[in-house]
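could you work out the structure for the sequence below:
(2 chains)
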Amino acid sequence: MKLLQQLIKLITDNEIWRSVFRHGYSDTPRNRVLQIISNIWLHLHPAKVREHGTKIRFTWCMGGITFFIFLFETITGILLMFYYVPDVNRAYADIVDLMYVVPFGRFLRNSHRWGAHAMVITVSIHMLRVFLTGSYKPPRQFNWVVGVVLLVLTFLLSFTGYLLPWDQLGYWAITVGTNMARATPLLGHEGPFSYILGMKANNDVRFALLGGTMIDAPALLRAYVWHCVGIPVIAAALMMVHFWRVRKDGGISGPL
Amino acid sequence: MEVRQEKRGVVEVKDDKVFTWPTLVAKEFLAAIFVTVGLLVYSYFTDAPLRELSNPGQAENPAKAPWYFLGLQEALVYFDPWFAGVVLPSIIVVGLIMIPYLDNNPKGNGYYCYKERKFSITVFMAGYVLWYILIYIGTALRGPFWAFFWPWEKWTHDFPTPPPLHSLPLPLGVILVCGFYFLGMTIPALVKKDFFQKLGVIRYALTMGLLLTMIATVIKMVFRLAFNVKYIIATPWINI
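This is a model prediction of the structure:
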């Protein structure tokens, strides 16, 4: 025991250790506060929170889990990017390789896919919780707005990923989805009143989404770039706003 | 110089705060672990779907959007694409965004309570449940050619031809729609005067407009299912 203490002292009582860890770990109120506020990741939290806000039965933990799944998807997504090329001649074969050749590739792809579905579910349950607790009420109105935009972005993240395997499932799902765009009033060539703006199959809003009149190489590349870069960056920026506003609007909602 | 000081009641500061570390952080870490383990175990046993190579010449039948959009795809049965695929989702998103500005009931802020917010909770839950019912129908009960099959029925291409659809005459349709929105706007305002007054004209009009549109969407579905009505309002330019 004494040896252990000496060993701990040897490791922690020096300049290198102290340059990384600024406080001790003995259980004092001061250390509990420092643990949060001197840690870049944990200082998203306040040092102290209202007790009801720590209860699972109040928050259902759904916002936090949604954020966690976003991180999970980012990590598995980056790993998938090593094995996948968004080229119509390769994409499907790359996915088949992931399923049958790449070590743990099947496991990787499965967890990315199921994580995406889980995130859509958790974000919608999070919205339900926020509604049922009336947490969108003043002063948190604007954060609800940010949340709705994040909900839509979650749908779009999942939707753009759907095309990437370049199989029949994704191809026809995206066909059904983007066919809606050509029915957009004014902006889609089959939509009401689109003749006013002179919309045709090769200049309407669907054409802009797909980069063509049908789903082909440009559409796959667009889906890929939006899925891996565009939407995650926008969503991350809005998440910063979302979390920051939770703090600025008075922390976790609760009875006044 | 006289210093005036009003007598103040003792303010009791209710300090119900606890340390974030470890009370909250521990739960978050546990949740993260459970979610990770759950996802990994599920992924170990269940493969993500992968069909054959995409073929633009051979359409899937049924061709379905991702499940979370199947409520909207199901709405395509009852409405033209410009409404089911574009306008309806836009109304839903804008309506969701407007909720905090329409609901000016100060009660029920930060805790679960149905009694103090009967109207808002009822309407929101109705919409939420409707969204998932349509998703369920679109996912589980729609087979080839988007034909309807009960869960115990086998999907087949051999189903009876659906009965022919007809549209309502234009004057009747216009009267029905205008009458619905007119009565829907005025009757609650007259019957529930305090509800109207608390909201004010603008909030009331927007709230009821959104609610009536949600109800009208369901009514149109019933019209279609029960009376084979294709369009309530049919014009050369736009059909609803």
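
taking the stretch 51-200 of chain A, what residue is nearest to chain B?
residue A:180 (2.9 Å; Cβ to the nearest Cβ). No exception for glycine: its C-beta is placed from N, CA and C like everyone else's.

and the residue lying closest to that residue once chain neighbours are set aside, what does it touch?
Distances taken as Cβ to Cβ, 6 or more residues apart in numbering or on different chains put residue B:85 closest to residue A:180, at 2.9 Å, once the chain neighbours are dropped. By Cβ atoms under 8 Å, 6 or more residues apart in numbering or on different chains, the contact list for residue B:85 reads A:179-181, A:183, B:72, B:76.

7 Å instead, please
By Cβ atoms under 7 Å, 6 or more residues apart in numbering or on different chains, the contact set of residue B:85 is A:180, A:183, B:72, B:76.

dump those to a markdown table, plus neighbour count and secondary structure.
Output for these, formatted as a markdown table (neighbours: other Cβ atoms under 10 Å in any protein chain shown; DSSP: H, G, I helix; E, B strand; the rest coil):
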| residue | neighbour count | secondary structure |
| --- | --- | --- |
| A:180 | 22 | helix |
| A:183 | 25 | helix |
| B:72 | 24 | helix |
| B:76 | 20 | coil |
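
hmm, which two among the residues you listed are most spread apart?
Largest separation among these by Cβ to Cβ: A:183 and B:72, giving 11.8 Å.

so for whichever strand or helix holds residue A:34, what's the average pLDDT?
Taking DSSP states H and E as the definition, residue A:34 sits inside helix A:29-37. Averaged across helix A:29-37, the pLDDT comes to 93.

quick one, what contacts the nearest residue to residue B:99 once chain neighbours are set aside?
By the measure of Cβ to Cβ, 6+ apart, the closest residue to residue B:99 outside its immediate chain neighbours is residue A:136, 6.1 Å from it. The contact partners of residue A:136, by Cβ under 7 Å, 6+ apart, come to A:130, A:144, B:99-100.

with residue B:199 instead?
Contacts of residue B:199 (Cβ under 7 Å, 6+ apart): B:104, B:207.

assign it to helix, strand or coil.
State at residue B:199, reduced to three classes by DSSP: H, G, I helix; E, B strand; the rest coil: helix.

confidence score at it?
For residue B:199, the predicted pLDDT is 94.

with residue A:200 instead?
89.

now it: how far from residue B:206?
Distance, residue A:200 to residue B:206, using Cβ to Cβ, to the nearest Å: 36 Å.

neighbour count winner among the two?
Ranked by neighbour count (other Cβ atoms under 10 Å in any protein chain shown), residue A:200 and residue B:206 place residue B:206 first, with 16 against 11.

okay, and the more buried one sits in which element?
Assigned by DSSP H and E, residue B:206 falls in helix B:193-227.

return the distance of that helix from the chain's centre.
13 Å (Cα atoms, centre = their mean, to the nearest Å).

repeat for stretch B:55-68
Taking mean C-alpha positions (Cα atoms, centre = their mean), stretch B:55-68 and its chain are 24 Å apart.

how about stretch A:19-28?
Distance, centroid of stretch A:19-28 to centroid of chain: 32 Å (Cα atoms, centre = their mean).

buried residues in stretch B:197-215?
Neighbour counts over stretch B:197-215 (16 or more other Cβ atoms under 10 Å in any protein chain shown) mark B:199, B:203-204, B:206-208, B:210-214 as buried.

ok, stretch A:193-207 next?
A:194, A:199, A:204-207.

list of residues touching that stretch?
So stretch A:193-207 is contacted by A:178, A:181-182, A:184-189, A:213, B:237 (Cβ under 7 Å, 6+ apart).

endpoints of that stretch, how far apart?
17 Å (Cα to Cα, to the nearest Å).

quick one: low-confidence parts of chain B?
Scanning chain B for pLDDT under 70 picks out the ranges B:1-14.

looking at it, which residue is nearest chain A?
For chain B, Cβ to the nearest Cβ, closest residue to chain A: residue B:85, 2.9 Å.

ok but that residue is inside a strand, no?
No: counting by three-state DSSP, residue B:85 is not found in a strand; it is helix.

now for residue 44: which residues touch it?
Picked chain A for this. residue A:243.

that was the other one, I meant chain B.
Counting by Cβ under 7 Å, 6+ apart, residue B:44 has contacts residue A:107.

all helices of the chain, in order?
Reading this off chain A. Using DSSP state H, the helices of chain A run over residues A:2-12, A:15-20, A:29-37, A:56-59, A:62-81, A:91-100, A:105-132, A:141-163, A:168-179, A:205-210, A:217-225, A:231-248.

if you could check chain B rather than the one you did, that'd help
B:20-45, B:70-75, B:81, B:88-102, B:118-140, B:170-191, B:193-227.

closest one to residue A:162 among the ones you listed?
Closest among the helices of chain B, using Cβ to Cβ: helix B:70-75, at 12.6 Å.

neighbours around the closest residue to residue B:16 other than its chain neighbours, how many?
Closest residue in space to residue B:16, ignoring its immediate chain neighbours: residue A:51 at 4.9 Å, by Cβ to Cβ, 6+ apart. Per other Cβ under 10 Å, the neighbour tally for residue A:51 reads 15.

pretty sure residue A:51 contacts residue B:19?
No: contact status for residue A:51 versus residue B:19: not in contact, 10.2 Å apart, counting by Cβ atoms under 7 Å.

check what pLDDT the residue of the stretch 51-200 of chain A closest to chain B gets.
pLDDT, residue A:180: 92.

swap in residue A:243?
97.

gap between it and residue B:24?
Taken as Cβ to Cβ, the span from residue A:243 to residue B:24 is 14 Å.

the two: who's more crowded?
residue B:24 (24 against 16).

my read: residue B:101 touches residue A:141, true?
Yes: between residue B:101 and residue A:141 there is a contact under Cβ under 7 Å: 6.2 Å.

might one say that residue A:108 is in contact with residue A:79?
Yes: counting by Cβ under 7 Å, residue A:108 does reach residue A:79; the two are 5.7 Å apart.

neighbour count: those two, which is higher?
residue A:108 (21 against 17).

pick out the residue nearest the middle of chain A.
In chain A, the centroid-proximal residue (Cα atoms, centre = their mean) is residue A:70; its distance is 3.4 Å.

for that one, give me its contacts.
With Cβ under 7 Å, 6+ apart, residue A:70 has these contacts: residue A:119.

thinking again about what came up before, which one of the buried residues of stretch A:193-207 is nearest residue B:184?
residue A:194 (30.8 Å).

check what pLDDT that closest one gets.
90.

what's the spacing between it and residue B:80?
Applying Cβ to Cβ, the value for residue A:194 to residue B:80 is 13 Å.

repeat for residue B:91
Taking Cβ to Cβ, one finds residue B:91 at 15 Å from residue B:80.

any idea of the mean pLDDT for stretch A:130-146?
Mean predicted lDDT for stretch A:130-146 stands at 96.

so which bits of it are buried?
A:130-137, A:140-141, A:143-146.

which ones are touching residue A:155?
A:120, B:68.

mind checking pLDDT for it?
Here the pLDDT value assigned to residue A:155 is 97.
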